[in-house]
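Undergrad: pasting the structure only:
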Ligand SMILES: C[S@@+](CC[C@H](N)C(=O)[O-])C[C@H]1O[C@@H](n2cnc3c(N)ncnc32)[C@H](O)[C@@H]1O
């Protein structure tokens, strides 16, 4: 239904001709958008337009390639000058180079982002359309080589300070020399390992990450082995079940032969290695640029202000809150309010005890086993918070999760979803756009789930209950996650119902919202999914 809703916002009419008309309109608006982007940037796109609107053929032409090169050069100088002025080592992949950028001032961070985005466009132009399509499809081989290097733990066998011969390296793995060399040499084309002299392998800073960063090893392992296989099976999954809403009929189930048997989390729950890997992969993601918890916690960074809840010693429930790290950070900031972290029993059992070394923090946080596909047990809380939860579910499941809050809610209770919120194509900077669009497809491959637009979040609340009054979406600068909020105001519904009683309502009328809220026939009962869906995370 989520997909249907999304498509229908583009193609609202059912007739073929108006469908085509809608498509044409859509195309026109996209073209207009890219033109406006260009002019906003002050770019000429290779043509000089006179005041009468005609092109001046005599004016000097600047090609897009040259514009890009100039902008890249300017941005690179800005970043380089900043590093020099701060006495920082220049960005490098040398083995002893820093692995992360420092926190940059806003203008330098923007210049850095320009370099990332514009070099990609310049690269495409230099390849040309046909060649970039021809070789673009081979990017999965980069994934394969990285997954293999990670799987066989090659990075740990290469000494950090001196090269090792391929012959010796081979004795430390189960790979034969030919396969070891060919997989490594693809990775090297991406700056992961180097071969300073033929047959000798040395570390780079990127391969050092694979050696030293356990969360990154898990991130590569989960993406390279679980997600990679799931993504390769999305087409058969879509062929068999085009509606793509069931948790047990995604690419993941087609890849691992569990169609109609169990959702991904249940599969992970049965395999401690994969469950642990998934949990650590999430830790790696959360630590990545643009996802830090501080974007929610720190009001100074554009986070959520909970001072009023704190003042009245209110309650904050983190639903599906894992080991409660958000609540720990919040409890350090707000000294009076109380917190409940809910998750499935295994997750709650594996949480650190005490949850914080600071007793003033720990005593205000309760860890509670709770399945969000059952009725909410914490009544009358001030805030119910969902971080990285709703995007794991297609609309029928997501609506069910929200509906389960209703019996517990007091008027004025806030429901906060902390997820990506998709904007119209082209409104993000190209790097964020790429990450968020890809995440949307990751959700499809693993869970038949989705990222959502503001309208889709609004529709989700409306489908769950009319008493949820949508408050809108906001996002801190530099953060990819949005804060999506609704407030529970049942009095508005009662007033509306009173008004409606005065009008004639035909029997058996179902609202679009109610229809949307019904899980699909092919979707397994959410509660059953949830019971079995427990991954053991770090
Ligand atoms: C993607 S993680 C998000 C965790 C945390 N909110 C965060 O921001 O990192 C999804 C969480 O939902 C939990 N979960 C999955 N199914 C659940 C259910 N039915 N009821 C409660 N928690 C569930 C998982 O155990 C996991 O901790």
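TA: Nice, I can see it. In this text the structure is predicted, and so the values were computed from the model without any measurement.
Undergrad: C-alpha only now, for contacts and for neighbours.
TA: Fine.
Undergrad: where exactly do the strands run in the stretch 351-500 of the chain?
TA: 365-369, 383-387, 414-422, 452-453, 468-474, 481-488 (DSSP state E, counting those that start in this stretch).
Undergrad: tell me which of those sits nearest to the ligand.
TA: Comparison of those against the ligand by Cα to the nearest ligand atom identifies strand 383-387 as nearest, at 4.2 Å.
Undergrad: circling back to that earlier point, can you put the strands of the stretch 351-500 of the chain in CSV and add mean pLDDT and distance to residue 153?
TA: As requested, the strands of the stretch 351-500 of the chain are arranged in CSV below (pLDDT from 0 to 100; distance: least, Cα to Cα, whole Å):
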stretch, mean pLDDT, distance to residue 153
strand 365-369, 97, 36
strand 383-387, 98, 32
strand 414-422, 97, 33
strand 452-453, 97, 37
strand 468-474, 97, 41
strand 481-488, 98, 32
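Undergrad: can I get these in CSV with distance to residue 151 and mean neighbour count?
TA: Converted to CSV, those look like this (distance: least, Cα to Cα, whole Å; neighbours: other Cα atoms under 10 Å):
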stretch, distance to residue 151, mean neighbour count
strand 365-369, 34, 20
strand 383-387, 30, 21
strand 414-422, 30, 23
strand 452-453, 33, 19
strand 468-474, 39, 19
strand 481-488, 30, 22
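Undergrad: for residue 215, which of the ones you listed is the nearest?
TA: Nearest to residue 215, of all the strands of the stretch 351-500 of the chain, is strand 383-387, at 19.7 Å by Cα to Cα.
Undergrad: which residues does the closest one contact?
TA: 315-321, 413-419 (Cα atoms under 8 Å, 6 or more residues apart in numbering).
Undergrad: pLDDT below threshold where in the stretch 151-300 of the chain?
TA: Along the stretch 151-300 of the chain, the model assigns pLDDT under 70 to no residue.
Undergrad: where do the strands sit along it?
TA: Under DSSP E, counting those that start in this stretch, the stretch 151-300 of the chain gives strands at 164-165, 200-201.
Undergrad: return the most buried member of these.
TA: Between these, strand 200-201 has the highest mean count of neighbours, a mean of 20, where neighbours are mean count of other Cα atoms under 10 Å.
Undergrad: I'd like the distance from that one to the chain centre, please.
TA: Centre-to-centre, strand 200-201 and its host chain are 36 Å apart (Cα atoms, centre = their mean, to the nearest Å).
Undergrad: and stretch 141-156, how far out from the chain middle?
TA: Distance, centroid of stretch 141-156 to centroid of chain: 23 Å (Cα atoms, centre = their mean).
Undergrad: whoops, I mixed them up, stretch 129-145
TA: The answer for stretch 129-145 is 23 Å, by Cα atoms, centre = their mean.
Undergrad: list of residues touching that stretch?
TA: 124, 183-184, 186-187, 190, 224, 228.
Undergrad: and what of stretch 439-457?
TA: By Cα under 8 Å, 6+ apart, stretch 439-457 touches 2, 5-6, 227, 230-231, 233-234, 244-252, 263-264, 391-395, 419-423, 472-473, 484.
Undergrad: if we can go back for a sec, between the strands of the stretch 351-500 of the chain, which one is closest to residue 308.
TA: Across these, closest to residue 308 is strand 383-387 (Cα to Cα), at 11.4 Å.
Undergrad: that closest one to strand 414-422, inter-axis angle?
TA: Computed with axes from the mean of the first three to the mean of the last three Cα atoms, to 10 degrees, the direction of strand 383-387 lies at 20 degrees from that of strand 414-422.
Undergrad: now do the residue most central in space within the chain against residue 247, distance only.
TA: By Cα atoms, centre = their mean, the chain has its centre lying nearest to residue 439, at 4.6 Å. According to Cα to Cα, to the nearest Å, residue 439 and residue 247 sit 17 Å apart.
Undergrad: near the ligand, from the contacts of strand 383-387?
TA: 320-321 (Cα under 6 Å from any ligand atom).
Undergrad: which of the contacts of strand 383-387 lies closest to residue 271?
TA: For these, the nearest to residue 271 is residue 320 (20.4 Å; Cα to Cα).
Undergrad: give me phi/psi at the closest one?
TA: Backbone torsions for residue 320, taken as degrees, to the nearest 10, come to phi 70, psi 40.
Undergrad: going forward can the numbers begin at 16, since that is how I track them
TA: Sure, I'll start numbering at 16, so the last one becomes residue 335.
Undergrad: count the neighbours of it for me.
TA: 23 (other Cα atoms under 10 Å).
Undergrad: I'd say it and residue 387 touch.
TA: Yes. Residue 335 is within contact range of residue 387, at 7.4 Å (criterion: Cα atoms under 8 Å).
Undergrad: pull up the overlap in contacts between those two.
TA: residue 358.
Undergrad: quick one: list the elements packing against the host helix or strand of residue 95.
TA: Assigned by DSSP states H and E, residue 95 belongs to helix 79-100. Packing partners of helix 79-100 (3 or more Cα pairs under 8 Å, 6 or more residues apart in numbering; DSSP states H and E): helix 121-142.
Undergrad: could you check the angle the helix it packs on makes with helix 79-100?
TA: Using the same axes, to 10 degrees: helix 121-142 against helix 79-100 is 140 degrees.
Undergrad: for residue 208, give me phi and psi.
TA: Reported as degrees, to the nearest 10, the phi and psi values for residue 208 are phi 70, psi 160.
Undergrad: how close does it get to residue 218?
TA: For residue 208, the distance to residue 218 equals 5 Å [Cα to Cα].
Undergrad: same check on residue 211?
TA: Using Cα to Cα, one gets 10 Å for the distance from residue 211 to residue 218.
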